[in-house]
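Asker: Here's a sequence, model it:
(2 chains)
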Amino acid sequence: GAVVSQHPSRVICKSGTSVKIECRSLDFQATTMFWYRQFPKQSLMLMATSNEGSKATYEQGVEKDKFLINHASLTLSTLTVTSAHPEDSSFYICSARAADRGNSPLHFGNGTRLTVT
Amino acid sequence: GDSVTQMEGPVTLSEEAFLTINCTYTATGYPSLFWYVQYPGEGLQLLLKATKADDKGSNKGFEATYRKETTSFHLEKGSVQVSDSAVYFCALSDPNSGGSNYKLTFGKGTLLTVNP
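Answerer: This next block holds a predicted model:
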């Protein structure tokens, strides 16, 4: 089945630094990837939709200058948390859908646990 | 806008008990419906799906039927196991809400704990 790889699985960084999270589709091409944020005991909140070769579409209330998204190829999207603060600590999950399929299920990465100290 | 409401947890059951997790939805179009499962420390895995009314999705002993008349997609399993302990998310994908991106809208999740 389709596999989405997310790296790193855990990262601890100091306040003020930037962290990059990678999301790769391993066996399919994905023109669209989605980035979610999950707070403890909460549902997933869609942050942005990453489109290959164009600018990401951010959900209302998500700072695009803080959460930089780059989707440079059909198999890779990156999320960079810039100038991280403790309140950015969260579980970030990416997902992707095969490029040649319409309303098909999303495949999720295993998530990245970000802790900002 | 689209929304998904699922029963609040946590749900605690003994092994071999019957499980029901309720899920209802609101959508502007004709959505596809999904159940995802999240094991501790992991991302989400698709458990089952249904794309049109009266469809029944099933996998690993879990079932859910797409009920358009009641806008529901309740998850059931006849006999749960300890290994079923996880968080379960109901979700919908409405082709009318996101253009070609078919964004997923999730419920808040239900934590299931199965004791031996």
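
Asker: Residues touching stretch B:86-93, excluding its own?
Answerer: If you take Cβ atoms under 8 Å, 6 or more residues apart in numbering or on different chains as the criterion, stretch B:86-93 is touched by A:43-44, A:103, B:2, B:4, B:6, B:9, B:21, B:23, B:25, B:27, B:31-40, B:44, B:47, B:73, B:75, B:102-107, B:109-112. From N, CA and C alone the C-beta is placed, and that goes for glycine too.

Asker: what's the answer for stretch B:38-47, then?
Answerer: Residues outside stretch B:38-47 that contact it (Cβ under 8 Å, 6+ apart) are A:4, A:6, A:44, A:93, A:95, A:105-111, A:113, B:34-37, B:59-60, B:62, B:75, B:86-89, B:109.

Asker: so how far is stretch A:3-10 off the chain centroid?
Answerer: Here the centre of stretch A:3-10 is set off from its chain's centre by 10 Å, with Cα atoms, centre = their mean, to the nearest Å.

Asker: next one: stretch A:53-63
Answerer: Counting by Cα atoms, centre = their mean, stretch A:53-63 comes out at 11 Å from the chain centroid.

Asker: same deal with stretch A:23-43?
Answerer: Distance, centroid of stretch A:23-43 to centroid of chain: 5 Å (Cα atoms, centre = their mean).

Asker: buried set for it?
Answerer: Neighbour-count burial for stretch A:23-43, counted by 16 or more other Cβ atoms under 10 Å in any protein chain shown, picks out A:23-25, A:28, A:30-38, A:43.

Asker: Return the closest of the residues you listed with respect to B:D94.
Answerer: Of all those, B:D94 sits closest to A:F34, with 14.5 Å by Cβ to Cβ.

Asker: Need phi/psi at that closest one.
Answerer: Backbone torsions of A:F34, given as degrees, to the nearest 10, read phi -120, psi 140.

Asker: With adjacent residues omitted, what lies nearest to it?
Answerer: A:S95 (4.7 Å; Cβ to Cβ, 6 or more residues apart in numbering or on different chains).

Asker: contacting residues for the one you found?
Answerer: Here A:S95 is in contact with A:V4, A:M33, A:F34, A:Y36, A:L106, A:H107, A:F108, A:G109, B:L44, B:L104 (criterion: Cβ under 8 Å, 6+ apart).
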